[in-house]
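S.K.: next come a sequence and a model predicted from it.
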Amino acid sequence: MRTQLTRSLILGLLILTAGALQAEAQGNWQPGDFGSIRFRLGLWEPEGDSEYWDDTFAVFTGSPGDFQDLTFGFDYLWRTSAHSGLQFGTTFYGGQSTQAYWDYVDLDGYDISHGTALDTWDLNALYVFRYGDASSAVIPYAGLGAGLLFWSLEETGDFIDFSTPDREIYYADYYAEGATWEALALVGVDVPLGFRWSFFGEGRYRYAEDELGDDFSGFGTLDLSGWEFAAGIAWNF
């Protein structure tokens, strides 16, 4: 499914890129129209397509959707022409969920549960193609790029020690962190609110995964891929 989605994204972006290049040849570049600063707020959740997520939800309640949470980001778009430019940015995310064993409770019949927290932030760069100009009512855009993604994973709470005869319940705090490369695809629309300001909505897909270490060593790979849907305001200059 992921392969089919990736192919569809690449095909769609190639079509949009071809259209942007044609518009580039026909457009008029205004020397003073060279960039924008963009602030956005959105939602992101992990796809959960890796060993860690599969093993986790085989034993504990929940799903990757439980980790859907807010993102905050800002970008700087440096226009290399009227219809294209380099966009540099960063995105912050923090999601939490409480999980309990599917098949076990304590002696009083209560869930044996723990909290899981996943935090990420990145530094990214994309090449963005834009369609239309400042006089357009709606300006679509699309981009491709890559970045460096930093992450941390923590599980805190009660766990079962299956190596003991009585399956002893103990409290623990497990933590791991790392950094990995990411690939990014972006599509969105700008709605000008005047000469300097615009509102925008966008969707970006991130592909990233990393091998777990630290307290989670041996737990396989952590999938950090997923869709982010965001909206924000841009100051254009």
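M.R.: That came through, no problem.
S.K.: could you pull out the helices for the protein?
M.R.: Ranges of helices in the chain, per DSSP state H, are 2-26, 51-59.
S.K.: confidence-wise, which of the ones you listed is weakest overall?
M.R.: Ranked by mean pLDDT, the helices of the chain bottom out at helix 2-26, which scores a mean of 49.
S.K.: pLDDT weak spots in this structure?
M.R.: The chain contains residues with pLDDT under 70 at 1-34, 134.
S.K.: which strand in it has the most residues?
M.R.: Ordering each strand of the chain by length in residues (DSSP state E) puts strand 168-192 first.
S.K.: by how many degrees do that one and helix 51-59 diverge?
M.R.: 120 degrees (axes from the mean of the first three to the mean of the last three C-alpha atoms, to 10 degrees).
S.K.: contacts only, for Arg204.
M.R.: By C-beta atoms under 8 Å, 6 or more residues apart in numbering, the residues touching Arg204 are 184-187, 227-228, 230. Backbone N, C-alpha and C define where each C-beta goes, glycine included.
S.K.: quick check: chain neighbours aside, which residue is closest to it?
M.R.: Of all residues not flanking Arg204 in the chain, Leu186 sits nearest, at 4.5 Å (C-beta to C-beta, 6 or more residues apart in numbering).
S.K.: quickly list what that neighbour is bridged to.
M.R.: In this entry, Leu186 is beta-bridged to Gly143, Arg204, by DSSP bridges.
S.K.: gap between it and Thr91?
M.R.: Using C-beta to C-beta, to the nearest Å, Leu186 is found at 11 Å from Thr91.
S.K.: same question for Thr180.
M.R.: Taking C-beta to C-beta, one finds Thr180 at 15 Å from Thr91.
S.K.: who has more neighbours, those two?
M.R.: Shown here are Thr180 and Thr91; by other C-beta atoms under 10 Å, Thr91 has more neighbours (24 against 17).
S.K.: contacting residues for that one?
M.R.: Per C-beta under 8 Å, 6+ apart, neighbours of Thr91: 44, 71-73, 120-122, 124, 228.
S.K.: which residue is the nearest non-sequential neighbour of it?
M.R.: Gly73 (3.8 Å).
S.K.: thought that neighbour was touching Gln87?
M.R.: No: contact criterion C-beta atoms under 8 Å: Gly73 and Gln87 do not qualify, at 11.1 Å.
S.K.: beta partners of Leu149?
M.R.: Asp122, Thr180.
S.K.: ugh, wrong one, Glu154
M.R.: With DSSP bridges as the rule, Glu154 is bridged to Ala117, Tyr175.
S.K.: roughly how far apart are the residue lying farthest from the centre of the chain and Tyr110?
M.R.: Most distant from the centre of the chain: Pro165, at 42.6 Å, with distances by C-alpha atoms, centre = their mean. Per C-beta to C-beta, Pro165 is found 22 Å from Tyr110.
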